[in-house]
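Asker: return a 3D structure for these sequence lines:
(3 chains)
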Amino acid sequence: MSLLEVRGLTVSYDGPRGTTVQAVAGVDLDVEAGRIVALVGESGCGKSSLGKAAVGLIAPSGGSIRFAGAPLTPLGRRARPRPQRKLQMVFQDPFASLNPRRRIGELIAEGGLVAREAGEAPMPVSECLSRVGLDPAMADRFPHQFSGGQRQRIAIARALAARPRCVVADEPISALDASAQAAVANLLVDLVRDLDMGLLLISHDLAIVRRIADETAVMYLGKIVESGPGAEVWRDPLHPYTAGLIRAIPRPDGAGRLPDDLPGDVPDPARPPSGCRFHPRCPVAVPACAAAEPPRRTLRPGRTAACDLLPGPAAG
Amino acid sequence: MTVPLLQVERLVISLPTPDGGRVLAVREVSFDVGPGEIVGIAGESGCGKTLTALAVMGLLPPGGRATGRIGFDGRDLLALRPSAHRAMLGRDIAMVFQDPMTALHPMLSVERQMTEHLRHHRQLSARAARDRAVEMLDLVRIPDPGGALRRYPHQFSGGMRQRVAIAMALVCGPRLLIADEPTTALDVTVQAGILRLLHRLRDELGLSMIVITHDMGVMSALADRVGVMYAGRIVEEGPRPLVLTRPRHPYTAGLLAALPDAGPDGEGAQASRLQALPGAPPALADLPEGCPFLPRCVRSRPACTGAEPPLRPVAPGHAIACPVDPFAQGAA
Amino acid sequence: MLRSIDAADPFHRSRTRVRSAWLQPLGIIGAVMLAAIVLAAILAPWIVPHPPNAMSFPRLQPPNATNWFGTDQLGRDIFSRVVYGARVSLPYALQLVVMSAVLGTVLGAIAGYFGGWIDGVIMRAADLVMAFPDIILAMAVVAALGPNLFNAVLAVVIVSWPIYARVVRSMILTLRDEPYVQSSRLLGASSGRALWRDIRPNAAGPVVVLAALEYGHAVLILSGLSFLGLGAQPPIAEWGSMVSEGAKYFDRWWMSVFPGLAILVVVLGANFLGDTLRDALDPRAAKTFR
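Answerer: Next comes the predicted model:
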């Protein structure tokens, strides 16, 4: 049983004119302690909604989420149940993640309260700060006195003070400068390793994910279309969408090669295509692809993909 | 020897600070853009790359002042009256921004926005302007250009909006297109389409371009020549294959080494670390003496604490602002 | 996707901007105007040449050396009455604004926090109140309660709370989705605690700005009710009722013009100051840097 277990998750929103939009249309996912699971996809694929549901910020419309063996209850008006406070989140925007009117030491200490309530000694503020690479003497400064990369570290420190067992990070580095991105990515890897935390990393940046993820899941229009060990998905993509995504990334190798584009646009999530959701844009689609939605199958040990054209055992 | 279309010479841009002083945001930048050439300007935020582009367009923020010379077609843009400079906008030089929603008026139809430019700059009739607009939308591969004219910006997807913004920029036939982070806000598959489009426009129209981006992959796909800016100056410039595979300035080398592409594939939590560049770009308001990159440089020598190093050639067409040149072939 | 930003942050810039924003010419003029009237109100007993209710002068005299603003139909010195009028209008308007702001904020917070039918009821009540022209509704309330200054204040409070409620409710709904509030919730804060610790300090600003901008309006509407005979009753020296009395003797221009000018100075000054405050503290200006 994994630390964070998602089964058959669906998340729906009310769309315009009475429609219902399924942002997440049935996803299974597992995050274990000490491992980094990366969720990649482009806009509209539902990865952010999945992340928020996985942490309890929004209520799922179907499926189940279990954290440390117990079902996860979405956030209501009451305080979050104590055991669930060991599941934390890091947000994308470093400028919005910290209350501008509170000192960072106070913000981080608030995280420590969670640990104390759970009967553990909280991580002291100074240790939180030094673990994220900041000088503990800066604890009584305000967020506006720090750069974007530093603020993201403070947000991580705040999550750390709670001694979380699992963290969901929603695009934690996309809003940062290039030099800060590498540093914060390294920080996340170190924390997972040192604290035996699970990390669900949501990102659109395949390049970073390829370097640091233990496992990568690729999402398209609300479903996971492929998953496997981090680097292997990059080197040997099975699903046509993954392959297209990788071919579309321009390489900084100075060779002047133009990346291949993927024709068409991401369809409206309110009206997904029939059958395989990717078939209108798929370079290898056949008429059967429009008929039935392909299930996610395990094609090799540790590799799953949702495409009926791939060889391998049928869905069990 | 072709005459460059654009010649930026010793451009200096100063900005007002909140406390009433001024800060030099761009400190003597010089570069050329030839006809049909794509020049890329790379650098992190705050390095001055966007301001440089805005100076060429005559769109500096309030209080900003530019000195130096910006030669376009033989005329110094900085010596023009603001109204004359503005008259060139759209007609001879056009710009595309990161967020097409801010470049496009949300309440006007595409047709209205595109033909307005044409009728102002080239005095075309409504019919001729409309035909030209359809022609441009077709050039950027918008399906059903006639129908697209009637729609509004919010009815297009992000990638399509950027194509419309590009078509609008090109509608009067400018010879220089400045693209400031044109694909940063787009998904990678959509970005690929825009990159291919920009390349094709250069090939088909002979358009010159300045592409400003922090993304080295985009730089590699588009640029013929690359200039890397740091703390308001160009610290390395040269042909794209050389700068991206054999950078000579420590900052460029550090930037490239920090890219995830620069290392081996990881095994998750046992991953090898990314090579982050320590520190952060300096605040322009108080630059240290000597080389501004010195505090973060791992290859400095005593010579680096002297005067700020000028750009000097290290190979034909390749120059760096570093007295040490630690990556030169056969260097000690 | 956000553009990478590592430069100095927006909030810090807004802090330095406050200092320079206070130096706007209109702001200074507004501050001076208000300060003059406030000072006059405080020092009234010492600076007025004559008691305001003393009917000791020839009636209906135009401005002259003894009576700088002339005298009214009962022989009272208008200048003294105008100065004393400040001691009525300014504090009552302040009381009005504070009470409206408090009532509106509490109701808006309840609506935003609980949502559901409570939110519906409060917001429909707000819509109902806002649908009426404020002075008409206030007149109706005062007529029901009896015409005096305190009831006038009460009536205007009933009419003014909705704007505060709407602002506070919308701030709560917006701020509730801010990552820093969500992160507090994830760390175990109940939504009440998050409301108090994270939302309240950030929502206070717009409420204060609104109250400052409403102050001038409060002075105006109280004077208006008094003008109609529904507020301050004679012999209280109040600007609105003075204008009303003067209207009966409209060829004796000094009886209405001077109290009217006093209203003008206060309302304009409060508006200028309020505008400057809003420009200096407007969080939207800070957000554009993102």
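
Asker: quick one: stretch B:189-198 near chain A?
Answerer: Yes: residues of stretch B:189-198 contacting chain A under Cβ under 8 Å from any Cβ of the partner chain: B:189-193, B:195-196. Backbone N, C-alpha and C define where each C-beta goes, glycine included.

Asker: just the C-alpha atoms of that stretch, please, in PDB.
Answerer: The C-alpha trace of stretch B:189-198 is given here as PDB (Å, rounded to 0.1, in the frame of the first residue of the first chain):
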ATOM      1  CA  THR B 189       3.900  21.400 -28.700                       C
ATOM      2  CA  VAL B 190       2.400  24.700 -29.600                       C
ATOM      3  CA  GLN B 191       5.800  26.300 -29.200                       C
ATOM      4  CA  ALA B 192       7.200  24.000 -31.800                       C
ATOM      5  CA  GLY B 193       4.700  25.200 -34.300                       C
ATOM      6  CA  ILE B 194       5.500  28.900 -33.600                       C
ATOM      7  CA  LEU B 195       9.200  28.200 -33.900                       C
ATOM      8  CA  ARG B 196       8.700  26.600 -37.300                       C
ATOM      9  CA  LEU B 197       6.500  29.400 -38.400                       C
ATOM     10  CA  LEU B 198       9.000  32.100 -37.500                       C
END
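
Asker: buried residues in stretch A:301-314?
Answerer: Across stretch A:301-314, burial judged by 16 or more other Cβ atoms under 10 Å in any protein chain shown covers A:303-308.

Asker: host element of the most centrally placed residue in chain B?
Answerer: In chain B, the centroid-proximal residue (Cα atoms, centre = their mean) is B:Ile212; its distance is 2.1 Å. For B:Ile212, the element it lies in under DSSP states H and E is strand B:208-213.

Asker: got it, and B:Pro288?
Answerer: Here B:Pro288 is assigned to no helix or strand, by DSSP H and E.

Asker: can you give me the strands for the stretch 151-300 of chain B?
Answerer: B:176-180, B:208-213, B:225-230, B:233-239 (DSSP state E, counting those that start in this stretch).

Asker: center of the chain - which residue?
Answerer: Let's take chain A. Closest-to-mean residue, chain A, Cα atoms, centre = their mean: A:Ile202 / 2.4 Å.

Asker: should've been chain C
Answerer: C:Tyr215 (1.5 Å).

Asker: my guess is that one meets C:Ala270, correct?
Answerer: Yes: here C:Tyr215 reaches C:Ala270: they are 4.5 Å apart, a contact under Cβ atoms under 8 Å.

Asker: and for residue 51, the neighbour number?
Answerer: The chain I'm using is chain A. Applying other Cβ atoms under 10 Å in any protein chain shown, we find 24 residues neighbouring A:Gly51.

Asker: you answered for a different chain; I wanted chain C.
Answerer: 14.

Asker: which residues are in contact with it?
Answerer: By Cβ atoms under 8 Å, 6 or more residues apart in numbering or on different chains, the residues touching C:Pro51 are C:Ser80.

Asker: on the three-state scheme, it is what?
Answerer: Assigned by DSSP: H, G, I helix; E, B strand; the rest coil, the conformation of C:Pro51 is coil.

Asker: list the buried residues in stretch C:183-193.
Answerer: Quick answer for stretch C:183-193 (16+ other Cβ under 10 Å): C:183-191.

Asker: and the furthest pair within those residues?
Answerer: Greatest spatial distance among the buried residues of stretch C:183-193 (Cβ to Cβ): C:Ser183 and C:Ser190, at 14.3 Å.

Asker: how about the residues of the stretch 201-316 of chain A near chain B?
Answerer: A:204-208, A:210-215, A:229-231, A:234-235, A:244-245, A:247-262, A:265-266.

Asker: what stretches of chain C score poorly on pLDDT?
Answerer: C:1-23, C:282-290 (pLDDT under 70).

Asker: after the top helix by length along it, next one along is what?
Answerer: Longest helix of chain C, by residue count under DSSP state H: helix C:78-114. Elements were assigned by DSSP H and E; along the chain past helix C:78-114, the next helix or strand is helix C:116-131.

Asker: what's the angle from whichever helix or strand comes after that following helix to helix C:116-131?
Answerer: Per DSSP H and E, the first helix or strand lying C-terminal to helix C:116-131 is helix C:134-145. Relative orientation of helix C:134-145 and helix C:116-131, computed by axes from the mean of the first three to the mean of the last three Cα atoms, to 10 degrees: 100 degrees.

Asker: dump the strands of the stretch 151-300 of chain B into a markdown table; add mean pLDDT and distance to C:Ser80 as well.
Answerer: Shown next, in a markdown table, are those (pLDDT from 0 to 100; distance: least, Cβ to Cβ, whole Å):
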| stretch | mean pLDDT | distance to C:Ser80 |
| --- | --- | --- |
| strand B:176-180 | 95 | 66 |
| strand B:208-213 | 95 | 70 |
| strand B:225-230 | 95 | 70 |
| strand B:233-239 | 94 | 71 |
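
Asker: for chain C, which of the ones you listed is the nearest?
Answerer: strand B:176-180 (10.1 Å; Cβ to the nearest Cβ).

Asker: partners of that closest one in the sheet?
Answerer: Strand B:176-180 has the following strand partners under DSSP bridges: strand B:93-96 (parallel), strand B:208-213 (parallel).

Asker: contact partners of the last one?
Answerer: The reference is to strand B:208-213. In contact with strand B:208-213 (Cβ under 8 Å, 6+ apart) are residues B:5-6, B:33-42, B:49-50, B:53, B:56, B:175-184, B:198, B:202, B:218-219, B:222-223.

Asker: good, we can wrap up now.
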